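Enquirer: mind looking at a prediction? Sequence and model below.
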Amino acid sequence: MAKLEGIRSLDLVLEEVRSERDLQLSHFDATDTKAGIVLGFAGALVALAPRGAELLLDLGRALAVACGFFFLSAFWPRRYWSTNLRPFRDKYLAAELEFTKIHLLDTQIGMADRMSGILASKAMRLKLAMMALALAVFLTAVGVVLD
């Protein structure tokens with residue numbers, strides 16, 4: 001196989017892609033942590049809201065329950081793409097170094113692209129659920145005051 005020319009910054013690009021994938025994994029963890037904390041808050045709101053016939057209290061509790069399902073959808077584990085190490089080793093161990101690096105780079109970029117969409121969707125569900133929970137807290141607070 002002929003040596004690939006003009007790939008001076010391959011190592012730099014590969015390192016940047018690895019760094020971005022690490023950042024994505026960190027963002028996944030942070031989103032899951034936030035979803036877990038706020039899910040607990042929604043559960044506490046449902047459990048601790050006073051029982052009564054006040055419509056706003058019932059609406060606040062119902063909205064908090066619905067928020068719990070939104071938080072679960074954001075918190076639910078998703079597939080995390082990674083390199084299949086054994087096939088990678090078997091296929092590329094004897095290949096040219098630059099060829100292997102380019103293939104690894106393209107694979108990691110593809111994984112990062114797929115994960116980016118999942119992460120954006122997860123973050124959007126979390127934001128929507130947090131807004132709905134804020135409304136549930138408001139309704140519950142107004143219901144307590146009026147009760």
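Expert: Ah, there it is. Numbers count the residues shown, from 1 in each chain.

Enquirer: so where's the protein shaky on pLDDT?
Expert: Residues of the chain meeting the criterion pLDDT under 70: 1-6, 52-53, 78, 80, 147.

Enquirer: just the helices from it, written as ranges.
Expert: Listed in chain order, the helices of the chain (DSSP state H) span residues 10-48, 55-75, 85-92, 97-146.

Enquirer: save those as JSON lines, and put in mean neighbour count too.
Expert: (Glycine included, C-beta is placed from N, CA and C.) Putting the helices of the chain into JSON lines (neighbours: other CB atoms under 10 Å) gives the following:
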{"stretch": "helix 10-48", "mean neighbour count": "15"}
{"stretch": "helix 55-75", "mean neighbour count": "19"}
{"stretch": "helix 85-92", "mean neighbour count": "11"}
{"stretch": "helix 97-146", "mean neighbour count": "16"}
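
Enquirer: how far away is Lys101 from Tyr92?
Expert: 9 Å (CB to CB, to the nearest Å).

Enquirer: please apply the same query to Gly43.
Expert: Counting by CB to CB, the gap from Gly43 to Tyr92 is 48 Å.

Enquirer: same question for His27.
Expert: 29 Å.

Enquirer: please apply the same query to Leu63.
Expert: Using CB to CB, Leu63 is found at 53 Å from Tyr92.

Enquirer: and for Leu133?
Expert: On the measure of CB to CB, Leu133 and Tyr92 end up 48 Å apart.

Enquirer: which ones are touching the closest residue to Thr140 other than its chain neighbours?
Expert: Nearest non-adjacent residue to Thr140, counting by CB to CB, 6 or more residues apart in numbering: Gly60, 3.3 Å away. Contact analysis of Gly60 by CB atoms under 8 Å, 6 or more residues apart in numbering lists 45, 49, 136-141, 143.
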